[in-house]
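Engineer: The amino acid sequence is not available; the structure is as follows:
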């Protein structure tokens, strides 16, 4: 599978700390956690779009349509399990309709995007054995919190670099 470039919304420091507490709780319980991902660019985020190549048109539309409306309010709205035998655990986000429309305007600029449609979420763990899913749910609980998404960035895996597009 090719490495994926991405456009991402990043929460403010308080929001990053909320997500990192979830990462830490999973780690402390001996479960997979995004905390285990040691890259310097690893930070809580909401992926707007990911693809093998990001057209500059998508970056330009993101800067104008999303960057100009920051900060964006989001509420965590429960947990979701994505995948098959091994799952990704994430907190799903409720986001205003106008933000969703703007994200979709960005996504249509990327013909080879990874997923059709958009499910706003913050990833907490990847490659969790399905048999451990209930344990992860019990560890994480169900507390909903508000996040303020304050920054827009571009991830380039080929360069291993982040470019801040807005709010930074």
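Structural biologist: Happy to help now that I have it. Just so we're clear, the structure is a prediction, and the values are computed from it rather than from any experiment. Numbering: from 1, shown residues only.
Engineer: Who are the contact partners of the residue sitting nearest the centre point of the chain?
Structural biologist: Central residue of the chain (CA atoms, centre = their mean): residue 46, 2.5 Å from the mean position. When contacts are counted by CB atoms under 8 Å, 6 or more residues apart in numbering, residue 46 touches 8-11, 74, 93, 120-122, 149. Where C-beta positions appear, they are placed from N, C-alpha and C, glycine not excepted.
Engineer: In those, which residue is surrounded by the most others?
Structural biologist: The most crowded member of those, judged by other CB atoms under 10 Å, is residue 9 (29 neighbours).
Engineer: now residue 74: how far from residue 90?
Structural biologist: Using CB to CB, to the nearest Å, residue 74 is found at 13 Å from residue 90.
Engineer: list the contacts for the spatially closest residue to residue 166 that is not a sequence neighbour?
Structural biologist: The spatially closest residue to residue 166, leaving aside those adjacent along the chain, is residue 67, at 2.8 Å (CB to CB, 6 or more residues apart in numbering). Contacts for residue 67 (CB under 8 Å, 6+ apart) come out as 152, 165-167.
Engineer: Give me the subset of the residues you listed that lies in strands.
Structural biologist: 152, 165-166 (DSSP state E).
Engineer: Low-confidence stretches in the protein?
Structural biologist: Within the chain, the stretches with pLDDT under 70 are 1, 40.
Engineer: Give me the longest helix you can find in it.
Structural biologist: Once the chain is assigned using DSSP state H, the helix that runs over the most residues is helix 13-28.
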